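Peer 1: need coordinates for the following:
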Amino acid sequence: MEMEMEMEMEMDMHLAAGYCASTGVYGSRYPPQFAAITAASFPDYIFPRLLFPDRVARPAFIDASTGSALSFGELRELSIGTARALSALGLRRGHVALLLSPNSLHFPALSLAVLSLGAVLSTANPLLTPDELAQQARDSEPFLVLTTGDLAPKLCSLPGVVKRVLIEQLLTDVAKDDDHEQATDLPASNIGREDPALLFYSSGTTGRSKGVVNTHGNALTMAASLECAWRTARAGDGGRGREKQQHDVYGCVLPLFHMFGFSSFVLGTAAMGATTVVVPGRFSVQKMMTAVEQYGVTRLLTVPPMIVQMARAATGGGEWPSLRLRQVVSSGAALKREHIARFHVCFPGISLAQV
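Peer 2: Residues are numbered from 1 along each chain as shown. Down below sits the predicted model:
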């Protein structure tokens, strides 16, 4: 009897903390800070937003190395055209599509195309060895692999039954399709919030990387939460003495195959209508800061080693007189106190946030 009472008291504590017995999930007890999401899936959430009148012609993604850009309207058009091409190749709801690609202007469109079909997107680090890729493929069992010509040789250890699709050829075929510019509707897929959307692999544990599944409901929540947080930060920071731009411009130096970069830019900035400047290739603080200055980046997302290199470059004589940067966000690990102090000395007008 006493044990039953203790169990009931323990359950009451869990329920008070937001535990839902039917789902086994804890939820926040605080009231929502943004409007309830009515979309059934992430594609249902993002695609209408790409056509909002105030953003359809605005750049969604800019390639800092070439200056090429995709507007929000073009992002939608390319995503739908690519989805139709992938559907013609047999990709269906529930299939896994493995995306092996460096950061590029087209990475978000390829991702949205896969998600719009109800297929599960699984990304891979381009630095993986052929054997490591084969191990991930054995675990995720992809229906097809999307990759570039440069990375295609790494697929040599994959089972022969897995379809290989070269991204360059796929995009060329989509561009040649006379119907893709007129295509306005997504292929029917009947996706729900509980359907799996993402299968990303984590190296944060011992042993081999392990797959982590995120549903469309998870993706919706991530996108809405990021928009709420960033809009709140923008409203409250006052610009730190700098002239505010009408719209924030985000700098992307994070790998899009990683959840931090993917959630921030493919899910976050794309859904909220903010421009993202993609800095492709191997990380270089000089290349990053040149892009930040050239394209008027106002918010930069980083990891701690990048913060250290920024301060070191500034101390070593690096000058960027036209910076519009208001905030740098660091995540992935805690910054040391001395690194925070050095950053504030080197960049006194820029706020530094850790998440």
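
Peer 1: could you pull out the strands for the stretch 1-150 of the chain?
Peer 2: Using DSSP state E, counting those that start in this stretch, the strands found in the stretch 1-150 of the chain span residues 19-20, 25-26, 59-63, 69-71, 96-100, 120-124, 144-147.

Peer 1: among those strands, which is nearest Ile307?
Peer 2: strand 59-63 (23.2 Å; Cβ to Cβ). C-beta here means a position set from N, CA and C on the backbone, and glycine is covered the same way.

Peer 1: pLDDT of that closest one, averaged?
Peer 2: Across strand 59-63, the average pLDDT comes to 98.

Peer 1: tell me how far that strand is from the chain's mean position?
Peer 2: Here the centre of strand 59-63 is set off from its chain's centre by 14 Å, with Cα atoms, centre = their mean, to the nearest Å.

Peer 1: sheet partners, orientation included, of it?
Peer 2: Note on strand 59-63: by DSSP bridges, its sheet partners are strand 69-71 (antiparallel), strand 275-278 (parallel).

Peer 1: which ones are touching the spatially most central residue of the chain?
Peer 2: In the chain, the C-alpha nearest the mean C-alpha coordinate belongs to Phe262, at 1.7 Å (Cα atoms, centre = their mean). Neighbouring residues of Phe262 by Cβ atoms under 8 Å, 6 or more residues apart in numbering: Ser111, Thr123, Leu198, Phe200, Leu256.

Peer 1: one more time with 6 Å, if that's ok
Peer 2: Neighbour list for Phe262: Leu256 [criterion: Cβ atoms under 6 Å, 6 or more residues apart in numbering].

Peer 1: give me the residues contacting stretch 289-305.
Peer 2: For stretch 289-305, the external contacting residues (Cβ under 6 Å, 6+ apart) are 64, 248-251, 254, 264, 277, 279, 320, 322-330, 332-333, 335.

Peer 1: buried subset of those residues?
Peer 2: Among the contacts of stretch 289-305, those buried by neighbour count (16 or more other Cβ atoms under 10 Å) are 64, 248-251, 254, 264, 277, 279, 323-330, 332, 335.

Peer 1: near Gly192, how many other residues are there?
Peer 2: By the measure other Cβ atoms under 10 Å, the count of residues near Gly192 is 13.

Peer 1: model confidence score at it, please.
Peer 2: Reading off the model, Gly192 has pLDDT 93.

Peer 1: next: Ser22.
Peer 2: Predicted confidence (pLDDT) for Ser22: 80.

Peer 1: how many residues are close by it?
Peer 2: Neighbours of Ser22 using other Cβ under 10 Å come to 5.

Peer 1: the chain should start at 618 in everything you say after this.
Peer 2: OK, 618 is where the count begins now, so the last one is Ser639.

Peer 1: state the distance from it to Leu837.
Peer 2: 20 Å (Cβ to Cβ, to the nearest Å).

Peer 1: on that earlier part again, assumed the residue nearest to the centre of the chain was part of a strand.
Peer 2: No. Checked against DSSP: H, G, I helix; E, B strand; the rest coil, Phe879 lies outside a strand; its state is helix.

Peer 1: how much space between it and Gly868?
Peer 2: 16 Å.

Peer 1: can you check Glu910 too?
Peer 2: From Glu910 over to Gly868 (counting by Cβ to Cβ), the distance is 10 Å.
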